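In: I would like the atomic coordinates for the input below:
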Amino acid sequence: MAVPVAFFAVFFAYPVVAIVLRGLRGEDGSWQLGEAAGVLGRPEVREVLWFTLWQALASTALTLVVALPAAYVFARLRFPGRELLRAVVTVPFVLPTVVAGTAFLAVVGRGGLFDTWWGVRLDGTVWAILLAHVFVNFAVVVRTVGGLWAQLDPGQEEAARMLGASRVAAWRTVTLPALGPAVAAAALMIFLFTFTSFGIVQVLGGPGVATLETEIYRRTAALLDLSTAAVLSLVQFAAVGAVLAVHAWTVRRREATLRLVDPATTARPPRGAGQRLLLAGVLLVTAVLIVLPPAVLVQRSFAAGLGYYRQLTEADGGAFLVPPIEAVGNSLEYAVAATAIAVVIGGLAAAALARRDAGRWVRGFDALLMLPLGVSAVTVGFGFLIALDEPPLDLRSTWILVPLAQALVGVPFVVRTMLPVLRAVDHRLREAAAVLGASPWRVWREVDLPMVRRALLIAAGFAFAVSLGEFGATVFIARPDNPTLPVAVAKLVGRPGDLNYGQAMALSVILMVVCAAALLMLERLRGDRTGEF
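Out: Numbers count the residues shown, from 1 in each chain. Coordinates of the predicted model:
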């Protein structure tokens, strides 16, 4: 535990605390708690808090309504192309939020599909944000709820039907209570992601729409109002902590109360007009909501033939000091380094948490590992600039700063992927190897590693994908001569002109292809098709 604890203390807790304390103190070093408390009384701040809350609730409810039928279809119906389609609906989740926003901008924005066909533009409105949030989080419901649904014994519901219950009553009294914790866990995850949404709101919201995350960014980067930004960060931190605590409770409840069966035995071909109609509806929604935005994004990137792609090789001296195409190489290099860091830190943490004799404080650290997914990435990025500027931690001029920030987001995925597999390893195998004289290192190499190798590769793939798309912290610390792909896309989208817009589309397509390729490789590595991610 020493290395993971030290890593999170130095590169997460220290920068976040440093930037918050900087905001709560005046220039003379005195505390300004009274003024900070007054921040929450400002009408514009209350408006941001209210909009952040209700758009997250609306995004969560809309995602559940749209995705729960799909979860049932993927869990219980067998049809041609099911596994390929299951991988396709997961692509938006691993896409950088900037790319997701750009994809929807190609559909609902200026010159987009809606604008061309019906003269309707949704960019700058909450509807574009809500639809993009459904696009990104659709897979959370399909994976979390659908993965459990596929393992529920259908014989229990059939027994209720035989005892006289209607189809609706059997589902309500048997299946729904079993799915309740999974639905709650999915809803909490979606709420967490949408409550802290940054890239999508930044691209689609426009200047008149602000959430906590975008307001923290504006107060920090544009206005240098660190006092307000610090208060908003503390509010966000408290909300995220509460959500994570409830999420941990729902996961424990789900693990403790369900008896599961082999999912291969529960899926059947569609039977009856109702199931066929449901399958057709889910396929239509998937085509319109999940497939259409990336397809339009690709089409818009080729609107000038290969012109936008060729232009990426030229530096204009404006937003970048180098040709935008160099962001591809930079992102890949940073992501590889971040993946290596995340695998080492997350692997060590998972190994410690998997021990049968882990104490309460070790289990408590498990919840803390999830905080980087919810705490403002903007606060972390600016905290890096504030805190890591003095020896022996003067890292602002070094390339490692970006991978460190990206690894913070990758570590939770590594832990969540490896921990269930490590817990499933029979401890008696380790004890037998130790009795036969094997050292702890040899026990790990010859007992644990062969069993967790596949999970380790999957964890590395997820860490690579999320590191590649990290934007909130990287936008502060990526240098103009070494931009990453998400930062380059955001800068191009924010500049006027068709050429900049087309280049943003082209870079987004490149980033989308890389992330999709990483996901497809993960799907090939998975030994089963259940679980969350």
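In: Mind telling me what element the residue nearest to Leu21 when sequence neighbours are not counted is part of?
Out: Using CB to CB, 6 or more residues apart in numbering and skipping residues adjacent in sequence, the residue nearest Leu21 is Ala230, 7.7 Å away. For glycine as for every other residue, the C-beta is placed from the backbone atoms N, C-alpha and C. Element membership of Ala230 [criterion: DSSP states H and E] is helix 226-257.
In: average model confidence for that helix?
Out: The pLDDT scores in helix 226-257 average 72.
In: and the gap between Leu297 and Gly305?
Out: 16 Å (CB to CB, to the nearest Å).
In: scratch that, Ile477
Out: 35 Å.
In: what's the nearest residue to Ala342 if we skip its chain neighbours?
Out: Gly410 is the one closest to Ala342 (CB to CB, 6+ apart), at 3.4 Å.
In: Now do the buried residues in the helix or strand encompassing that neighbour.
Out: Secondary structure from DSSP H and E places Gly410 in helix 401-424. For helix 401-424, the neighbour count (16 or more other CB atoms under 10 Å) marks 401-419, 421-422 as buried.
In: Give me the mean pLDDT for the following helix or strand past it.
Out: Per DSSP H and E, the first helix or strand lying C-terminal to helix 401-424 is helix 427-435. When pLDDT is averaged along helix 427-435, the result is 83.
In: and Leu321, how far is that from Tyr501?
Out: Counting by CB to CB, the gap from Leu321 to Tyr501 is 21 Å.
In: Name the residues of stretch 367-380 that are buried.
Out: Applying 16+ other CB under 10 Å to stretch 367-380 flags 368-380 as buried.
In: separation between Val489 and Val296?
Out: Relative to Val296, and taking CB to CB, Val489 is found at 16 Å.
In: Comparing these two, which shows the higher neighbour count?
Out: More neighbours surround Val489 than the other of Val489 and Val296, with 29 against 20 (other CB atoms under 10 Å).
In: Tally up the residues packed near the residue nearest to Val16 when sequence neighbours are not counted, please.
Out: Leaving aside its sequence neighbours, Val16 sits nearest to Gly383 (CB to CB, 6+ apart; 5.3 Å). A total of 28 residues lie near Gly383 under the criterion other CB under 10 Å.
In: related to what we said a few turns ago, which of the buried residues of stretch 367-380 sits closest to Ala432?
Out: Nearest to Ala432 among those is Leu369, at 30.7 Å by CB to CB.
In: Which residue ranges of this protein form strands?
Out: In the chain, no segments count as strands under DSSP state E.
In: about what we covered before: OK, contacts around the residue nearest to Val16?
Out: Taking CB atoms under 8 Å, 6 or more residues apart in numbering, we find Gly383 in contact with 14-19.
In: Could you write me a ChimeraX select line covering just the buried ones among those residues?
Out: Filtering the contacts of Gly383 down to the buried ones (16+ other CB under 10 Å) takes a single ChimeraX command:
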select :14,15,16,18,19
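In: ok, which pair from the contacts of Gly383 is furthest apart?
Out: Tyr14 and Ile19 (9.9 Å).
In: tally of neighbours for the residue nearest to Leu21?
Out: So Ala230, with other CB under 10 Å, has 24 neighbours.
In: I'd say His133 and Ser197 touch.
Out: Yes. Assessed by CB atoms under 8 Å, His133 is found in contact with Ser197 at 6.7 Å.
In: buried sites along stretch 67-81?
Out: By 16+ other CB under 10 Å, the buried positions in stretch 67-81 come out as 67-68, 70-77.
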